[in-house]
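Student: model the structure of this input:
(2 chains)
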Amino acid sequence: MRWSQAFIPTLRDDPAGAEAISHKLLVRGGFIRQLMSGSYSFLPAGFRVRSKIRRIIEEEINAIGGQEFLLPVLHPAEVWQRSGRVDVMGDELFRLQDRRGIDHVLGMTHEEIFAMIATELRSYKELPQLWYHFQTKLRDEPRPKSGLLRVREFVMKDSYSLDIDAAGQAKQFDAHHAAYTKIFKRMGLDTVAVEASSGAMGGTDSVEFMVESSAGEDLVAHSADCGYSANVERAQSRIPAVANGDPLDQVEKFPTPGVRTIEALANFAGGAAAEHQIKTLVYIADGEPVLVLMRGDHPLQEQKLIDHLLAGELRPAHEDEMVELLGAHAGSLGAVGVSDIRIIADPQLRGRVAMTTGANEDDFHLRGVDIERDIAVSEWVDLREVTAGEGCPNCDGVLDVYKAIEVGHIFKLGTMYSEAFGATVLDENGAAQPIIMGSYGIGLGRAVAAVAEVHNDDKGLVWPVAVAPWEVVVTLVKIDEATLAAGERVYAELQSAGVDVLLDDRNERPGVKFNDAELVGIPFRVTLGPRGLAEGVAEFVARATGEASEIALDDVVGHVKALVEEAR
RNA sequence: CGGGACGUGGCGCAGCUUGGUAGCGCGCAUCGUUCGGGACGAUGAGGUCGCCGGUUCAAAUCCGGCCGUCCCGACCA
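Tutor: Numbers count the residues shown, from 1 in each chain, chains lettered A, B, ... in the order given. Okay, the predicted model is just below:
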């Protein structure tokens, strides 16, 4: 490609709105443009990066036996009713009607449709299968953000494994695990595989691939000593037990005028330290109220609650609902004597006595609460969010917590979808068995953004060779006959050597071209100008290091070719 | 959805408090001088001031409604 004819609209200023560095650079470098909230156009440079990432994924999924499909994005709503996910997905699912008034949805993922195709499998002898496609997903996100990192329309590589038994599924799951690690490594991302919540996807186990980044939206708890890594949505930790205070024979109600928070009660004369309080949270899960009990100083991890309840929609109760359910406002709530509401308690409260909690009467609390004696806990479930500095659950080390971008997620789905759609095969004994499925996703646009987020400096992007829009730019410092001729020659030779080359033949000042090449992040630059040509040399610069060297003109192509081939 | 901010030539912004019919930087076009790290001069093109309504002799500016975008909290590749 010749830069003079290419559409690479670089910008001088950052786009409006403080955002992720990757977003600013992708916009400034002429890679993407926004259409509306959560919706982006890929420009030629951006499309090239995306294509290279796509190719890497394709190669690695093919290498573990994947067969490429292409399924539709427009689905009859009936299909999603059958899997039950119309309800689970709620408002995130785009819905529309056709001219006949038939309900349709736009696919958020493709478990349903692949499961339908899998009904054509008849025998265990046809398994295992690994199917995948690259297809647009549409999700009516409540809040798109950070440019490409969180959007409403994106292309995902999603693959689906089909097996006769759990062992087969585990094998394909592990194969994906390894392939994903390789894929991300090839695109220049160091990932950590973490235990994760499966969310609305259903299924048993899931692992997320995380890239540490301040632009990330997830939190990963990690132990440097044993390598334990988990999304805080799932993570556990060791914390020291709290010694109980002196027990009371019975619960004692006492006035606490104006006390509405854990902290206020801790500072109140006759109150109790946070770890001796029971925090009572009221949630509405799919329309049903639930009381959640946490130690006063412990934060609730809502995803853990969602996972336990298998809830589609979970929200804190409104003030009036609290009054209706418990007779008091937030700040004076408790579970003592409550019998008609589901009560879920965090295990850190187990065996605790002499606790203080709300009395379900404004401005009153109870002390001397023995949780197992006084509260009808219906379930004990770990709901606590871990905090940096707590003990690792697997070793003697300490957990740290960092922000990360989720670039991949793999699920063991079990038989949820195959049962919903009747995808069964006959086993050796002639008995019908539901196919065991797994699903595995990588978002293309998010991967582009993640690489950009990690690989940049104050001058712009620094693409790894494997995903760079062009591997090398030949920059002509002056557009005169001799320089142009030399440039054309090097350009043509690089092309026939199989190198992805951009010829910057624009009639611009050198500074403009150098800056643009750096902003766009092309890994290598070959600079040709009258000065060097007179001595038969070109200047060679690596974007990552900025190191420049002079190379004899005749050696340029060989040098670049070797470097590029080694790096991709 | 709750909270906050913003919307003015292609991009980034000022003007709004104190109404008088729009300006700056970059970019773009033409000409000239330049040309190995974002050149300079001259001339020029380009704007329903997000939309609708109201107040007023007069609205980018004041008032109301709506739409859009971004940021902070609950969701996911």
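
Student: if you count neighbours, what's buried in stretch A:83-91?
Tutor: For stretch A:83-91, the neighbour count (16 or more other C-beta atoms under 10 Å) marks A:83, A:85-86, A:88-89 as buried. Any C-beta I mention is one placed from the backbone N, CA and C, and that applies to glycine too.

Student: count the neighbours of the residue lying closest to A:Cys395 once chain neighbours are set aside for me.
Tutor: Nearest residue to A:Cys395, sequence neighbours excluded (C-beta to C-beta, 6 or more residues apart in numbering): A:Cys226, at 3.7 Å. Around A:Cys226 there are 13 other residues, counting by other C-beta atoms under 10 Å.

Student: returning to that earlier point: list the ones among the buried residues of stretch A:83-91 that fall in helices.
Tutor: Applying DSSP state H to the buried residues of stretch A:83-91, the entries found in helices are A:83, A:85-86, A:88-89.

Student: could I get those residues as a markdown table with distance to A:Ser51?
Tutor: Output for those, formatted as a markdown table (distance: C-beta to C-beta, whole Å):
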| residue | distance to A:Ser51 |
| --- | --- |
| A:Ser83 | 32 |
| A:Arg85 | 31 |
| A:Val86 | 34 |
| A:Val88 | 34 |
| A:Met89 | 30 |
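
Student: make a markdown table out of the residues you listed and add pLDDT and distance to RNA strand B.
Tutor: Below are these laid out as a markdown table (pLDDT from 0 to 100; distance: C-beta to the nearest atom of the strand, whole Å):
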| residue | pLDDT | distance to RNA strand B |
| --- | --- | --- |
| A:Ser83 | 92 | 14 |
| A:Arg85 | 88 | 10 |
| A:Val86 | 86 | 14 |
| A:Val88 | 77 | 8 |
| A:Met89 | 81 | 8 |
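
Student: and stretch A:489-505, is it in reach of RNA strand B?
Tutor: No. With C-beta under 7 Å from any atom of the strand as the threshold, stretch A:489-505 lies outside contact range of RNA strand B, at a closest distance of 11.8 Å.

Student: pLDDT averaged over that stretch - what is it?
Tutor: The predicted model gives stretch A:489-505 an average pLDDT of 98.

Student: that one: which residues count as buried?
Tutor: Buried residues in stretch A:489-505, counting neighbours by 16+ other C-beta under 10 Å, are found at A:490-491, A:493-494, A:499-505.

Student: reformat those as CSV; add distance to A:Gly391 and secondary structure.
Tutor: Below are the buried residues of stretch A:489-505 laid out as CSV (distance: C-beta to C-beta, whole Å; DSSP: H, G, I helix; E, B strand; the rest coil):
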residue, distance to A:Gly391, secondary structure
A:Val490, 60, helix
A:Tyr491, 59, helix
A:Glu493, 60, helix
A:Leu494, 56, helix
A:Val499, 52, coil
A:Asp500, 50, coil
A:Val501, 54, strand
A:Leu502, 53, strand
A:Leu503, 58, strand
A:Asp504, 56, strand
A:Asp505, 61, coil
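
Student: which one of those residues is nearest A:Ser378?
Tutor: Taking C-beta to C-beta as the measure, A:Asp500 is the one of those closest to A:Ser378, at 61.5 Å.

Student: that closest one is in contact with A:Ala468, isn't it?
Tutor: Yes. At 7.5 Å, A:Asp500 and A:Ala468 qualify as touching, with contact defined as C-beta atoms under 8 Å.

Student: mind jotting down where the helices sit in the stretch 201-350 of chain A?
Tutor: Using DSSP state H, counting those that start in this stretch, the helices of the stretch 201-350 of chain A run over A:262-267, A:302-309, A:319-326.

Student: cool, the stretch 1-150 of chain A as well?
Tutor: A:21-28, A:44-63, A:77-83, A:85-89, A:111-118.

Student: can you tell if the last one touches RNA strand B?
Tutor: No. Taking C-beta under 7 Å from any atom of the strand as the criterion, helix A:111-118 and RNA strand B are apart, separated by no less than 9.6 Å.

Student: for A:Glu112, the count of nearby residues, please.
Tutor: By the criterion of other C-beta under 10 Å, A:Glu112 has 22 neighbours.

Student: what residues are up against the residue nearest to A:Glu141 when sequence neighbours are not counted?
Tutor: Sequence neighbours aside, A:Arg152 is the residue nearest to A:Glu141 in space, at 5.1 Å (criterion: C-beta to C-beta, 6+ apart). Residues counted as contacts of A:Arg152 (C-beta atoms under 8 Å, 6 or more residues apart in numbering) are A:37-39, A:138-141, A:144.

Student: likewise A:Gln34?
Tutor: By C-beta under 8 Å, 6+ apart, A:Gln34 lies in contact with A:27, A:40-41, A:147.

Student: filter the residues you listed to the buried ones?
Tutor: A:27, A:40, A:147.

Student: of the contacts of A:Gln34, closest to RNA strand B?
Tutor: Ranked by distance to RNA strand B (C-beta to the nearest atom of the strand), the contacts of A:Gln34 are led by A:Gly147 at 7.2 Å.

Student: any idea how far A:Phe31 is from that closest one?
Tutor: To A:Phe31, A:Gly147 is 10 Å away according to C-beta to C-beta, to the nearest Å.

Student: now A:Val526
Tutor: Counting by C-beta to C-beta, the gap from A:Val526 to A:Phe31 is 22 Å.

Student: which of those two has more neighbours?
Tutor: Using other C-beta under 10 Å as the criterion, A:Val526 and A:Phe31 rank with A:Phe31 on top: 32 against 26.

Student: what is the burial count for the closest residue to that one other than its chain neighbours?
Tutor: Nearest residue to A:Phe31, sequence neighbours excluded (C-beta to C-beta, 6+ apart): A:Gly46, at 3.4 Å. Applying other C-beta under 10 Å, we find 23 residues neighbouring A:Gly46.

Student: tell me the pLDDT of A:Gly46.
Tutor: Predicted confidence (pLDDT) for A:Gly46: 97.

Student: give me every residue that touches it.
Tutor: With contact set as C-beta under 8 Å, 6+ apart, A:Gly46 has these partners: A:26, A:30-32, A:448, A:469.

Student: also A:Ala264?
Tutor: A:258, A:271.

Student: what's the spacing between it and A:Leu349?
Tutor: Taken as C-beta to C-beta, the span from A:Ala264 to A:Leu349 is 21 Å.

Student: for chain A, longest strand please?
Tutor: Counting by DSSP state E, the longest strand found in chain A is strand A:399-414.

Student: that strand vs helix A:44-63, what angle?
Tutor: Per axes from the mean of the first three to the mean of the last three C-alpha atoms, to 10 degrees, the angle that strand A:399-414 makes with helix A:44-63 is 60 degrees.

Student: partner strands of strand A:399-414, with direction?
Tutor: Using DSSP bridges, the strands paired with strand A:399-414 are strand A:206-212 (antiparallel), strand A:218-223 (antiparallel), strand A:436-443 (antiparallel).

Student: ok now the longest one, how far from the chain's centre?
Tutor: When you say that, I think you mean strand A:436-443. Distance, stretch centre to chain centre, for strand A:436-443: 14 Å (C-alpha atoms, centre = their mean, to the nearest Å).
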